[in-house]
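Chemist: generate a structure from the sequence data that follows.
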Amino acid sequence: MECFYTLLIVTGFNLRSIIGNNLTKIEENGVIIGHIWAIWNSVESFPQVATNRYVVNNKAKFIPLILLGYCANKFRSFGNALVSVRLLNYSGKSDSSEERGHPFHLVTLSPFPLTGAIGALLTTLGLAMWFHGKEGGTKVLIFGIWSLILTIILWFRDIIREGTYEGVHTLAVQAGLRYGMVLFITTEVVFFFSFFWTYFSAALAPTIEIGGTFPPVGIQVFNASEVPFLNTSLLLLSGASVTWAHHGLVAGYRKQALNGLIITVFLGIMFTLCQALEYVEACFTLSDGIYGSTFFLLTGFHGFHVLIGTIMLFVCLIRQWAFQFTREHHIGFNFAAAYWHFVDVVWIGLYCFVYVWAGIL
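Modeler: Now for the predicted structure:
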């Protein structure tokens, strides 16, 4: 952990100096690669930090970092090329399909797939360390979550910039994006199908270990007519409001689209709060047999998808407020609405089988 803390300290000093010296350039060109460049410089500075007395006394811990700094020097030419590409991309030059000679979008080099993967790795590692009570697990988890949040914000910004101001989202590109969204929702369907398969396998053929009944003996299920029914009403109303917003956007009624999105985001937040309240009042936990495991996996992952959908719709609300959607070009809104309707359908299945059917059994 000392190596990790020292890396953060050195990175912070380099970020301060680099961003402070090049703030005007970054603001003019929109070069977020400066953040990655700062990390590279911080890694390269470890051979200089090696003269520190603490490092000398614990040099075995810092050997991998010093080697990493040496390797980073070898990749300096690649970093210069990467910065040049990003500067060229945001230099204001036209990038129309007529000049390219084809209607497709050849994406430029971006650091965000790498930073997103690193953030996901640190988040998973931090969760595992936190679950097992390891020292530093909370710090690793927070660092990973913040890495993911910054990656999502900056990546969203680049995609919005490409589609709204650079004009690279042609009809051919939009068709490819739609195919990608269809495949993504298909993977989500298979994902939830696996959990429903587990649930029905345990419910239709309960084993002797759980008392031969389902839900198992000692499990007090939720009353389907209370908080679960309220959550169902919230999601169904949100599905109607997002459809209203879509029709308003297509018809050119800006105020209706804004009102529909505001209502949808509000209902999504209310659903998340009610789900959290339900978890607090639950009489069973994730470790209470097959019902507790499947219940919290199904409702927990669904709640996570609701949270992601709420964020997507909130971004659409900001873009609609900023006049970035038109009657003909609002593919981002279409994707967010389709994702939200998928979340609604999954909840209907959850409510019918996990709440109502389990209460009847």
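Chemist: for A282, phi and psi?
Modeler: When read as degrees, to the nearest 10, the backbone of A282 gives phi -60, psi 140.
Chemist: in three-state terms, label the nearest residue to it once chain neighbours are set aside for me.
Modeler: Nearest residue to A282, sequence neighbours excluded (Cβ to Cβ, 6 or more residues apart in numbering): F222, at 7.6 Å. For the C-beta atoms, the positions are set from N, CA and C on the backbone; glycine is no exception. Per DSSP: H, G, I helix; E, B strand; the rest coil, the secondary structure class of F222 is coil.
Chemist: so where's the chain shaky on pLDDT?
Modeler: Applying pLDDT under 70 to the chain picks out residues 1-101, 361.
Chemist: would you state the strands of it in chain order?
Modeler: Assigned strands in the chain: none (criterion: DSSP state E).
Chemist: domains of it?
Modeler: 2-91+110-164, 171-360 (automatic domain parsing).
Chemist: can you list those in CSV and add mean neighbour count?
Modeler: Output for these, formatted as CSV (neighbours: other Cβ atoms under 10 Å):
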stretch, mean neighbour count
domain 2-91+110-164, 15
domain 171-360, 17
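Chemist: which of those domains sits closest to P103?
Modeler: P103 lies closest to domain 171-360 among these, at 4.0 Å (Cβ to Cβ).
Chemist: how long is the closest one from one end to the other?
Modeler: Using Cα to Cα, to the nearest Å, one end of domain 171-360 lies 51 Å from the other.
Chemist: before we move on, what about stretch 317-335?
Modeler: 13 Å.
Chemist: need the contact list for the nearest residue to G289 once chain neighbours are set aside.
Modeler: Nearest non-adjacent residue to G289, counting by Cβ to Cβ, 6+ apart: P216, 4.5 Å away. Residues counted as contacts of P216 (Cβ atoms under 8 Å, 6 or more residues apart in numbering) are 206, 210, 288-291.
Chemist: 6 Å instead, please
Modeler: By Cβ atoms under 6 Å, 6 or more residues apart in numbering, P216 lies in contact with 210, 289, 291.
Chemist: contact partners for Q174?
Modeler: The contact partners of Q174, taken as Cβ under 6 Å, 6+ apart, are I331.
Chemist: please begin residue numbering at 8 from this point
Modeler: Right, with 8 as the first residue, what we last looked at is Q181.
Chemist: look up how far Y172 lies from it.
Modeler: Counting by Cβ to Cβ, to the nearest Å, the gap from Q181 to Y172 is 16 Å.
Chemist: K146 too?
Modeler: The gap separating K146 from Y172 is 38 Å, by Cβ to Cβ.
Chemist: ok, T122 next?
Modeler: The gap separating T122 from Y172 is 23 Å, by Cβ to Cβ.
Chemist: ditto for L244
Modeler: Taken as Cβ to Cβ, the span from L244 to Y172 is 35 Å.
Chemist: circling back to that earlier point, so which of the domains of the chain is nearest F111?
Modeler: Relative to F111, the nearest member of these by Cβ to Cβ is domain 178-367, separated by 5.8 Å.
Chemist: centre of the chain to that closest one, how far?
Modeler: How far domain 178-367 lies from its chain's middle: 15 Å, per Cα atoms, centre = their mean, to the nearest Å.
Chemist: stretch 145-161 now?
Modeler: For stretch 145-161, the distance to the chain centre is 10 Å (Cα atoms, centre = their mean).
Chemist: send the alpha carbons of that stretch over as CSV?
Modeler: Coordinates of each C-alpha in stretch 145-161 appear next as CSV, following Å, rounded to 0.1, in the frame of the first residue of the first chain:
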residue,chain,number,x,y,z
THR,A,145,-12.1,1.1,0.8
LYS,A,146,-9.5,3.5,-0.7
VAL,A,147,-9.0,1.2,-3.7
LEU,A,148,-12.8,1.0,-4.1
ILE,A,149,-13.3,4.8,-4.0
PHE,A,150,-10.4,5.3,-6.4
GLY,A,151,-11.9,2.8,-8.8
ILE,A,152,-15.4,4.3,-8.6
TRP,A,153,-14.1,7.8,-9.2
SER,A,154,-12.1,6.6,-12.2
LEU,A,155,-15.2,5.1,-13.7
ILE,A,156,-17.3,8.2,-13.1
LEU,A,157,-14.7,10.5,-14.7
THR,A,158,-14.3,8.1,-17.6
ILE,A,159,-18.1,8.0,-18.2
ILE,A,160,-18.4,11.8,-18.0
LEU,A,161,-15.5,12.5,-20.4
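Chemist: residues touching it, excluding its own?
Modeler: Stretch 145-161 is contacted from outside by 39, 119, 122-123, 126, 129-130, 132-134, 137, using Cβ under 6 Å, 6+ apart.
Chemist: ok, now stretch 269-289?
Modeler: Contacting residues not belonging to stretch 269-289 are listed as 234, 238, 241-242, 244-245, 248-249, 310, 313-314, 317, 320-321 [Cβ under 6 Å, 6+ apart].
Chemist: rerun that using 8 Å as the cut-off
Modeler: Stretch 269-289 has contacts (Cβ under 8 Å, 6+ apart) with 229, 234-235, 237-238, 241-242, 244-245, 248-249, 252, 303, 306, 310, 313-314, 316-317, 320-321, 324, 347.
Chemist: and W364, how close does it get to T177?
Modeler: Taken as Cβ to Cβ, the span from W364 to T177 is 48 Å.
Chemist: now do T250
Modeler: 27 Å.
Chemist: what's the answer for D295, then?
Modeler: 53 Å.
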